[in-house]
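Novice: Give me the fold of what follows.
(2 chains)
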Number of protein chains: 2
Amino acid sequence: MSEITPIRPLPEAEVPGWDIETDVAIIGFGAAGACAAIEAAAAGASVTLFESGSGSGGASALSGGEIYIGGNGGSDAQQAAGFTDSTEDFEKYMMMAGGPDADAAKVSLYARESLNHYQWLKDQGVPYKGSFVPGKVIEPAEDDTLLWSGSEAAWPFSQEAKPAPRGHTIQFMGWGGGRKLVDILEGRARALGVDVRTDARALSLIADASGRVIGLVVRIDNKPQYVRARKGVVLATGGFCMNQEMLRRYAPETLRLNDPLGENDNGSGILMGMGAGGDAIHMDEFFTTCPWIMPASLVKGIFVNERGQRFINEDAYHGRVSRTLLDQPGDKAYLLVDNEIFDRPLDLARIEIAAVGETWEEVEQELGMSEGTLSHTVHHFNKHAAEGKDPICNKDAEWLKVLDQAPFAALELNASTSYFSFFTLGGLNTAPTGEVLDRGGQPVPGLYAAGRTTSGLPRWGHGYSSGLSLADCTFFGRMAGRTVGSAAA
Amino acid sequence: MSEITPIRPLPEAEVPGWDIETDVAIIGFGAAGACAAIEAAAAGASVTLFESGSGSGGASALSGGEIYIGGNGGSDAQQAAGFTDSTEDFEKYMMMAGGPDADAAKVSLYARESLNHYQWLKDQGVPYKGSFVPGKVIEPAEDDTLLWSGSEAAWPFSQEAKPAPRGHTIQFMGWGGGRKLVDILEGRARALGVDVRTDARALSLIADASGRVIGLVVRIDNKPQYVRARKGVVLATGGFCMNQEMLRRYAPETLRLNDPLGENDNGSGILMGMGAGGDAIHMDEFFTTCPWIMPASLVKGIFVNERGQRFINEDAYHGRVSRTLLDQPGDKAYLLVDNEIFDRPLDLARIEIAAVGETWEEVEQELGMSEGTLSHTVHHFNKHAAEGKDPICNKDAEWLKVLDQAPFAALELNASTSYFSFFTLGGLNTAPTGEVLDRGGQPVPGLYAAGRTTSGLPRWGHGYSSGLSLADCTFFGRMAGRTVGSAAA
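Specialist: The predicted model follows:
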């Protein structure tokens, strides 16, 4: 798990014989693998799914089960809450969120197909209550199913695309609906006859002399089994947040973070795909967040770095704020709050009170900062906040509050000791069809991938929004399954 | 040039016949390729060097011919200037400059061997006057050959390793000694019998059935020529700053910069190496600089971003300052100077005067900044500078000056319009021997690489120091040549 193992395809000539034969082989049983399996089976293919763990799950099952959905006038939930959502705004937001090399083809396709995808999820049995939770939440506290999950209403996104809430969460009481989502998808896959093999670790792909992927080697009961996949193989093993060596090589900024969000995200699918000729892109990108926005009154506080400088509009998505915090000098940043908005942060977040004072000057001094740094920042902020403005960071007026009710506190968010969960966003370059592409943009025959094994809709840590990864996993998992399921055997 | 062409090795079985046979084939005739050729020939191997251009050069010939050298008590030039330089300090600095995943093995070897390498360069005929230029310069204005070329004397580097100037420049009148350096190395290579083929573009490697690299295909006179390399192939084609598609995929932060520093750095060597199983690492990293430090009085100015905030100790190496500038919001940053230190920046730098005022408040207003931002930053800075301190950014007292002599000016450095030269630092992972490593850290048989085709001593844009790249090209070019030259045929 903590190595970078070379995973070149086994040449067909070295296969002693086929132990398992199937049309489609899928590696990994998170949401991406499950959706690929459902569509491949629905296309009439025989499907065998190999999972290294003892059951379905992956990082998807650790999530809130939230999927980024919108456009096309708005979903039932969006409309019921009074929001319209044009496909153009939806697409524009996702392009901004995708960063300087957003995948325009995937964004465009998903923008058009998003409501159809929502319907498909319902058809699989995923329940949506359709009720909206306003404000800043990370996951619904009860069983509501629509929330703000990105930076839509925050500068600069709000200037370019009309905001709408787009986080569509599975109906589930409390946090953690991702487990239920995967369970439902698993049930559908099994109902469609997908042959699920758990405790089956993929060791390598198998390629014929032309380089075409024709199967894989899996270890079952401590023995290698040779699997012939007549139509192709889908890699859906997640990202590499659990592989220290890959992190060091490809995303060293994550090394100081302690809370990888993954189950068995060891990068094996990416390594197998690269070994077969696939291109891995944006490998340095990662999502991270510290859940500092709960209770939401804290969003009315302001962040300063160790120099006492602000660095972000705090009403942006918590992941964008957290990622920008990591760009600041040193490990620490401080969330400044007054007595009116102070509330204890989530225990989970591991955020400590670093200083308290009757004046901002006292807080500044207690933090050991130079006189006239933090205090000046707050006074400047307060002066403009009183007029509903934030000339420094463009925080929206809704979240502006004069921080003048003593006592005052500085809450310390520390990259090394607070809870900064993270997962990787880099991976194989794929076409919207799920085909793995080589460096020339040509498909690697017989090879498909989806989810965090790929670089997809979410590919820029500074623009991540909740639900983008599961949207990518489920929709492009489906696309991969559909393509491979109808491929020639 | 603006594509990502898939470059898998041609299978040996498809070679119609060998047109050229040699022990060692080297692709690329910059400093790395030249040094590899010299050492391989010195080891008794027959060497053929293929260069796509009409002569030697590469990015090395566009440089100042400066090589980062030190440790072991100090070079003749360092000692003559009154500096001692321990190997430990030298190594520590290079480790810091290499960032979170510095190549400890290469740094350690080079730290020990640096003075021997200096002697080797002299033995090849590279002249060094041994004279020191104090202060802040980019290249010597006359023919001196030692200068400060990094952040050694600047925080935080100065806190961890005793500073010493380590930029050893070839003796050459004025800027641009890199051309002379390559000419000398070319002369040595030719004297040792290296067969140089210019206008010879490498199209792909050739591998045998086991994956071993055994030659290459080059296009000469518009015809493919099949080259058998009995001992191995060295990739030394530079980085990928001239390949827009690779930049977009791997280093999209560079897309807004207009001044790639390269000759034919199209990434072909990296792509060929990856195609043969090599691992490419830290592909997002790049060096950039805007030469704002000349005249050096400008270093006494302070930088603010569009929010009026300082972001770096301005006495750090100009590339570190420039790279950090790119991390700031927006494209613009301002260098604030008073009348006492103002001087016209180099024309080359394309730095414009954005605002002038009799007070800092006037400058702030003219830039359209909120009242009490830039002006407060300067007043805070001035207050502490008067005491020889910089509590915000830890600029060394040597460069601190109270900015209080009106009129005042803000010079605009703009990422999109000023001269931000850049080149890429990501590339193939190699052992100190020059062997190209696969993802498991195992050598790809028959394949070697050096220079910016690899990720070597310089691998972190925020820590780059002048001379690190040529140190890496020349020393590890030699190591690659030595290894392949004495390999079994």
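Novice: got the CA coordinates for the lengthiest helix in chain A in PDB?
Specialist: Counting by DSSP state H, the longest helix found in chain A is helix A:104-123. C-alpha atoms of helix A:104-123 as PDB (Å, rounded to 0.1, in the frame of the first residue of the first chain):
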ATOM      1  CA  ALA A 104     -14.600  20.800 -21.300                       C
ATOM      2  CA  ALA A 105     -16.000  17.700 -23.000                       C
ATOM      3  CA  LYS A 106     -17.000  16.000 -19.800                       C
ATOM      4  CA  VAL A 107     -18.400  19.200 -18.300                       C
ATOM      5  CA  SER A 108     -20.500  19.900 -21.400                       C
ATOM      6  CA  LEU A 109     -21.900  16.400 -21.600                       C
ATOM      7  CA  TYR A 110     -22.700  16.200 -17.900                       C
ATOM      8  CA  ALA A 111     -24.300  19.700 -18.000                       C
ATOM      9  CA  ARG A 112     -26.700  18.500 -20.700                       C
ATOM     10  CA  GLU A 113     -27.400  15.000 -19.200                       C
ATOM     11  CA  SER A 114     -27.500  15.900 -15.500                       C
ATOM     12  CA  LEU A 115     -31.200  15.800 -14.900                       C
ATOM     13  CA  ASN A 116     -31.400  12.600 -16.900                       C
ATOM     14  CA  HIS A 117     -28.800  11.200 -14.700                       C
ATOM     15  CA  TYR A 118     -30.800  12.200 -11.600                       C
ATOM     16  CA  GLN A 119     -33.800  10.400 -13.000                       C
ATOM     17  CA  TRP A 120     -31.600   7.300 -13.600                       C
ATOM     18  CA  LEU A 121     -30.500   7.400 -10.000                       C
ATOM     19  CA  LYS A 122     -34.100   7.500  -8.900                       C
ATOM     20  CA  ASP A 123     -34.800   4.600 -11.300                       C
END
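Novice: Residue A:335 is in what secondary structure piece?
Specialist: Using DSSP states H and E, the element containing residue A:335 is strand A:332-338.
Novice: Strands of the stretch 1-150 of chain A, start to end?
Specialist: For the stretch 1-150 of chain A, the strands defined by DSSP state E, counting those that start in this stretch occupy A:10-11, A:20-27, A:47-50, A:66-68, A:132-133, A:146-147.
Novice: From one end of stretch A:168-175 to the other, what's the distance?
Specialist: Start-to-end span of stretch A:168-175 (Cα to Cα, to the nearest Å) is 13 Å.
Novice: So which residues make contact with that stretch?
Specialist: In this structure, residues lying in contact with stretch A:168-175 by Cβ atoms under 8 Å, 6 or more residues apart in numbering or on different chains are A:64-69, A:75, A:77, A:118, A:126-129, A:138-147, A:177-178, A:180-181, A:184, A:467. All C-beta spots, glycine's among them, are computed from the backbone N, C-alpha and C.
Novice: Could you pull out the buried residues of it?
Specialist: Along stretch A:168-175, these residues count as buried under the neighbour rule (16 or more other Cβ atoms under 10 Å in any protein chain shown): A:168, A:169, A:170, A:171, A:172, A:175.
Novice: Which stretch among the strands of the stretch 1-150 of chain A approaches chain B most closely?
Specialist: Across the strands of the stretch 1-150 of chain A, chain B has its closest neighbour in strand A:10-11 (9.0 Å, Cβ to the nearest Cβ).
Novice: ok, residues contacting the closest one?
Specialist: Residues outside strand A:10-11 that contact it (Cβ under 8 Å, 6+ apart): A:204, A:205, A:206, A:207, A:208, A:209, A:217.
Novice: Run me through the strand neighbours of it, direction for each.
Specialist: For strand A:10-11, the pairing partners within the sheet under DSSP bridges are strand A:201-207 (parallel).
Novice: by how many degrees do the strand it pairs with and strand A:20-27 diverge?
Specialist: Calculated by axes from the mean of the first three to the mean of the last three Cα atoms, to 10 degrees, strand A:201-207 forms an angle of 110 degrees with strand A:20-27.
Novice: Tell me the span between the first and last residue of stretch A:461-477.
Specialist: One end of stretch A:461-477 sits 21 Å from the other (Cα to Cα).
Novice: That one and chain B in contact?
Specialist: No. Using Cβ under 8 Å from any Cβ of the partner chain, stretch A:461-477 never reaches chain B; the gap is at least 11.0 Å.
Novice: Neighbours of the residue lying closest to residue A:41 once chain neighbours are set aside, how many?
Specialist: In space, and not counting its chain neighbours, residue A:41 is closest to residue A:192: 3.9 Å by Cβ to Cβ, 6 or more residues apart in numbering or on different chains. Using other Cβ atoms under 10 Å in any protein chain shown, residue A:192 has 14 other residues around it.
Novice: Then residue A:347?
Specialist: Other residues near residue A:347 come to 8 when the count uses other Cβ under 10 Å.
Novice: Quick check: residues of the stretch 51-200 of chain A near chain B?
Specialist: By Cβ under 8 Å from any Cβ, the residues of the stretch 51-200 of chain A that approach chain B are A:99, A:100, A:101.
Novice: give the contact list for the last one.
Specialist: With Cβ under 8 Å, 6+ apart as the criterion, the residues that contact residue A:101 are A:281, A:282, A:459, B:248, B:249, B:252.
Novice: And it, how far from residue B:460?
Specialist: 21 Å (Cβ to Cβ, to the nearest Å).
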